[in-house]
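Peer 1: no sequence on hand, only this structure:
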Ligand SMILES: Nc1ncnc2c1ncn2[C@@H]1O[C@H](COP(=O)(O)OP(=O)(O)OP(=O)(O)O)[C@@H](O)[C@H]1O
């Protein structure tokens with residue numbers, strides 16, 4: 001085992017409707033070690049198992065077989081609430097992850113308390129923490145530092161995803177899970193939020209797993225790329241190899257590893273579904 005492993009997954013298997021005619025073996029013996037500070041992008045066609053993998057790590061899906069270890073602790077049988085102390089997640093839907101009727105400041109105060117029993121003494125009330133929140137919002141460069149009292153639900157999808165990301169980092173998580181978090185945004189906003197994501201991940205040195213349907217984004221961001229196919233990791237590239245990767249390279253790697261042909265169009269089309 002690598003010393004600085006943040007996440008270790010051993011022989012993870014997940015089934016849906018096991019024992020029925022509709023049985024799906026959604027994850028087929030996944031083994032994965034993610035080290036401290038790694039930013040991993042995850043790509044794969046529809047039904048490849050990407051969300052099931054993130055759900056298994058976050059605890060929204062009980063594990064059928066295998067082991068999940070986070071920062072040296074076996075969390076295989078911990079529920080989603082217990083895991084939320086260490087794992088932050090941003091979903092595709094901008095409505096998830098924030099309380100729509102609460103203000104930006106109130107949402108940030110809740111996020112800052114994540115996992116801390118006596119945090120009110122350290123963070124203070126939303127009012128006392130305002131300068132800190134304003135400072136954090138300024139980093140987003142979206143003018144949101146002046147919107148502390150605005151209900152989150154009144155902000156645009158892109159603004160909400162940017163704040164949700166920021167909230168995920170107020171208490172540094174051991175692991176950040178991004179579940180196609182820009183897929184519901186228009187291309188320009190998506191690019192802005194991805195840029196912000198990269199900035200926060202680098203500045204806070206966050207160990208991150210990011211699902212995307214866009215090959216270009218999977219190549220552009222992060223320092224490691226995984227491709228899933230039929231519940232298995234079929235491509236795993238990092239470092240120099242990843243830096244020089246192109247979309248045709250990636251398609252070739254995939255086609256070598258998988259029994260099926262995949263075209264870039266398929267992934268791009270899948271993005272709109
Ligand atoms: N709740 C469920 N009940 C039954 N089958 C499921 C369920 N969730 C996922 N599956 C099946 O498990 C497999 C993996 O699904 P998963 O959602 O993890 O794929 P994905 O790679 O995230 O796909 P997409 O890109 O379409 O979101 C698919 O065959 C899917 O139909």
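Peer 2: Cool, the structure landed. Keep in mind that what you see is a predicted model, and the values were worked out from it rather than measured.

Peer 1: helices of the chain, residue ranges please.
Peer 2: When secondary structure is read from DSSP state H, the chain shows helices at 50-58, 80-83, 104-112, 119-123, 130-138, 157-170, 187-204, 215-220, 239-243, 247-257, 264-271.

Peer 1: could you tell me the least trusted of these?
Peer 2: The stretch with the lowest mean pLDDT among the helices of the chain is helix 119-123, at a mean of 46.

Peer 1: coming back round to it: adding mean neighbour count and distance to residue 31, write the helices of the chain out as a markdown table.
Peer 2: Heads up, the C-betas are built off the backbone N, CA and C, glycines and all. Shown next, in a markdown table, are the helices of the chain (neighbours: other Cβ atoms under 10 Å; distance: least, Cβ to Cβ, whole Å):
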| stretch | mean neighbour count | distance to residue 31 |
| --- | --- | --- |
| helix 50-58 | 22 | 12 |
| helix 80-83 | 14 | 20 |
| helix 104-112 | 22 | 32 |
| helix 119-123 | 13 | 36 |
| helix 130-138 | 16 | 37 |
| helix 157-170 | 23 | 27 |
| helix 187-204 | 17 | 24 |
| helix 215-220 | 20 | 21 |
| helix 239-243 | 12 | 19 |
| helix 247-257 | 15 | 15 |
| helix 264-271 | 15 | 24 |
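
Peer 1: and the ligand, which of these is closest to it?
Peer 2: Closest of the helices of the chain to the ligand is helix 50-58, at 3.3 Å (criterion: Cβ to the nearest ligand atom).

Peer 1: hmm, that closest one in reach of the ligand?
Peer 2: Yes: using Cβ under 6 Å from any ligand atom, helix 50-58 reaches the ligand at 50, 51, 52.

Peer 1: among these, which one lies nearest to residue 92?
Peer 2: Using Cβ to Cβ, residue 51 comes nearest to residue 92 of the residues of helix 50-58 next to the ligand, at 9.4 Å.

Peer 1: residues contacting the residue nearest to the spatial centre of the chain?
Peer 2: Centroid-nearest residue in the chain: residue 178, 1.7 Å away (criterion: Cα atoms, centre = their mean). For residue 178, the contact set (Cβ atoms under 8 Å, 6 or more residues apart in numbering) comprises 89, 90, 197, 208, 209, 210, 211.

Peer 1: mind running it again at 6 Å?
Peer 2: Residues in contact with residue 178 (Cβ atoms under 6 Å, 6 or more residues apart in numbering) are 90, 210.

Peer 1: ok, what's across the strand from it?
Peer 2: When bridges are called by DSSP bridges, residue 178 pairs up with residue 90, residue 210.

Peer 1: quick revisit: dump the helices of the chain to a markdown table, plus distance to residue 35.
Peer 2: Formatted as a markdown table, these follow (distance: least, Cβ to Cβ, whole Å):
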| stretch | distance to residue 35 |
| --- | --- |
| helix 50-58 | 15 |
| helix 80-83 | 19 |
| helix 104-112 | 26 |
| helix 119-123 | 29 |
| helix 130-138 | 27 |
| helix 157-170 | 19 |
| helix 187-204 | 14 |
| helix 215-220 | 19 |
| helix 239-243 | 12 |
| helix 247-257 | 22 |
| helix 264-271 | 27 |
